[in-house]
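Undergrad: sequence below, structure please.
(one chain, ligands or ions: 1)
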Amino acid sequence: MTNQSVPKRFAALRTRNTDGHVSSSIEHLGVEDLSPGEVLLRARYAGVNYKDCLAIHGEARIIKAFPRTAGIEVVGEVLDSAHQQAPRGTEVLVHGFETGIAFDGGFSEVVRVPAKHVQQVPAGLTPHQAAILGVPGFTAAMALEQFEQRGLAPDSGLVAVSGAGGAVGMLAIAILARAGWRVAALTRRMAQEPVLRELGAAEVIDSRVAMESQRPLEKARFAAAIDNVGGPVLSWLLRSMCDGGCVASVGNAAGNGYEASVLPFIMRRVQLFGVVANAPWPQRLRLWGRLAGELRPDFDKLMPHVHHLRLEELMDHARLQLQGATSGRALVTFEGAQ
Ligand SMILES: NC(=O)c1ccc[n+]([C@@H]2O[C@H](COP(=O)([O-])OP(=O)(O)OC[C@H]3O[C@@H](n4cnc5c(N)ncnc54)[C@H](OP(=O)(O)O)[C@@H]3O)[C@@H](O)[C@H]2O)c1
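TA: Next up, the predicted model:
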């Protein structure tokens, strides 16, 4: 149990919209400034997602009402709770449910959340490990489950992961490899090849290949694919799938658009579907149970690619992440994190 009391004032990265100009800076808030909820947390880790970077720099309409504390995920310790499921001292995890979008999120020393958004850190994971997985790991597990539901298994063939050097990319490689899949990592930065192989990639492909060929159908290589990038990479993946191949569209790091023809669908029965890292409770608990169990990645191999930031460093980091100049998983790490 904790001896922590609720601080009267605490630091948060607050995002404001002044006459259409969105900006973020550190402010000192009181609990009464936060969106309503029954559970107060002392944040330990807040994962930094691409979407958060867009939100705090005002580069996309992510936040629904201002002022807002962004941060779509947080791991922390319950400081105060009017809810039996999350008593004081519990280590909990919050993501999805519009956290950091319609509700104040993780970029704050103290976070207030509705009790129905809170889950305990899954048994078998430390708070730090749960934070490393966070939204990127959960997203990769959602995509994997969709492949399974469509009848695919590791012996179906190669699974491609684009944007391999990013947070979703690295976690997807580690999780899919753990599940027994042969993973082909697609990256713009071939210098990352040894790292991606160490994480579990069996092949590393320069994603510029997607710019080189424009054949209506490419050589059929992949049984499944997780695309974090969009644009020409997604187009190339669709043209490169085997018969019955499944493509999970996860991200848009290279933009929202992509060019496609119907040929992959009508000649190779390719399926394209989207993944959104939000899920009803039964699926959420099942996937976190799998991430803590049979899909649990090798955290020793991931650790060199986990970057711990102070709240003060977040804006600069986010600018670099939007430029595609970062790699791995970034966590805003608060005092007392363990
Ligand atoms: N659907 C969901 O629920 C969900 C959940 C989480 C994330 N996402 C989305 O998934 C994407 C990846 O997220 P993330 O957290 O992994 O982001 P990230 O850490 O910023 O990684 C993105 C990676 O994409 C590649 N990339 C970046 N800019 C690119 C460009 N202009 N052209 C081609 N490749 C580029 C880079 O990999 P290389 O250097 O290896 O090429 C980069 O490391 C984002 O769009 C994010 O919003 C969606």
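
Undergrad: now check the longest helix along the chain, is it near the ligand?
TA: Of all the segments assigned as helix in the chain under DSSP state H, the longest by residue count is helix 127-149. Yes: Helix 127-149 is in contact with the ligand by Cβ under 6 Å from any ligand atom, via 135-136, 139. In short, each C-beta sits where N, CA and C put it, glycine included.

Undergrad: that helix: which residues count as buried?
TA: Residues 127-147 are the ones in helix 127-149 that count as buried (16 or more other Cβ atoms under 10 Å).

Undergrad: what residues sit buried inside the worst-scoring helix or strand of the chain on mean pLDDT?
TA: Using mean pLDDT, DSSP states H and E, helix 209-212 stands out as the lowest-scoring helix or strand of the chain, at a mean of 86. Neighbour-count burial for helix 209-212 flags Ala210 (criterion: 16+ other Cβ under 10 Å).

Undergrad: helices and strands around it, which ones?
TA: Judged by 3 or more Cβ pairs under 8 Å, 6 or more residues apart in numbering; DSSP states H and E, helix 209-212 is in contact with helix 231-239.

Undergrad: and the following helix or strand past the least confident helix or strand of the chain, what does it pack onto?
TA: Where DSSP states H and E defines the elements, the next helix or strand beyond helix 209-212 is strand 222-227. Applying 3+ Cβ pairs under 8 Å, 6+ apart, one finds that strand 222-227 contacts helix 127-149, strand 158-161, helix 167-178, helix 231-239, strand 241-249.

Undergrad: would TSV of these with distance to Glu212 and mean pLDDT be doable?
TA: Putting the helices and strands packed on strand 222-227 into TSV (distance: least, Cβ to Cβ, whole Å; pLDDT from 0 to 100) gives the following:
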stretch	distance to Glu212	mean pLDDT
helix 127-149	26	98
strand 158-161	16	98
helix 167-178	21	98
helix 231-239	9	96
strand 241-249	18	98
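
Undergrad: export the ones you listed to TSV and tack on distance to Phe334?
TA: TSV is the format used below for the helices and strands packed on strand 222-227 (distance: least, Cβ to Cβ, whole Å):
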stretch	distance to Phe334
helix 127-149	11
strand 158-161	30
helix 167-178	19
helix 231-239	35
strand 241-249	32
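
Undergrad: quick one: which of these is nearest Val306?
TA: helix 127-149 (5.5 Å; Cβ to Cβ).

Undergrad: put the alpha carbons of the closest one into CSV.
TA: Written as CSV, here are the backbone C-alpha positions of helix 127-149 (Å, rounded to 0.1, in the frame of the first residue of the first chain):
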residue,chain,number,x,y,z
PRO,A,127,4.2,-1.6,-14.3
HIS,A,128,7.3,-0.8,-16.5
GLN,A,129,6.7,-3.8,-18.8
ALA,A,130,3.0,-2.9,-19.1
ALA,A,131,4.1,0.6,-20.1
ILE,A,132,6.6,-0.6,-22.6
LEU,A,133,3.9,-2.7,-24.3
GLY,A,134,1.1,0.0,-23.9
VAL,A,135,-0.9,1.0,-27.0
PRO,A,136,1.8,-0.2,-29.5
GLY,A,137,1.9,-3.7,-28.0
PHE,A,138,-1.9,-3.9,-27.6
THR,A,139,-2.3,-2.8,-31.3
ALA,A,140,0.1,-5.5,-32.5
ALA,A,141,-1.8,-8.1,-30.5
MET,A,142,-5.1,-6.9,-31.9
ALA,A,143,-3.7,-7.3,-35.5
LEU,A,144,-2.4,-10.8,-34.6
GLU,A,145,-5.7,-11.8,-33.3
GLN,A,146,-7.4,-10.6,-36.5
PHE,A,147,-5.0,-12.8,-38.5
GLU,A,148,-5.9,-15.8,-36.3
GLN,A,149,-9.6,-15.1,-36.7
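
Undergrad: so Leu272 sits right up against Leu238, yeah?
TA: Yes: when contacts are counted by Cβ atoms under 8 Å, Leu272 is listed as touching Leu238 (6.5 Å).

Undergrad: what touches both of these two?
TA: Val247 (Cβ atoms under 8 Å, 6 or more residues apart in numbering).

Undergrad: the two: which has the busier surroundings?
TA: The neighbour comparison of Leu272 against Leu238 (other Cβ atoms under 10 Å) goes to Leu238, with 25 against 19.
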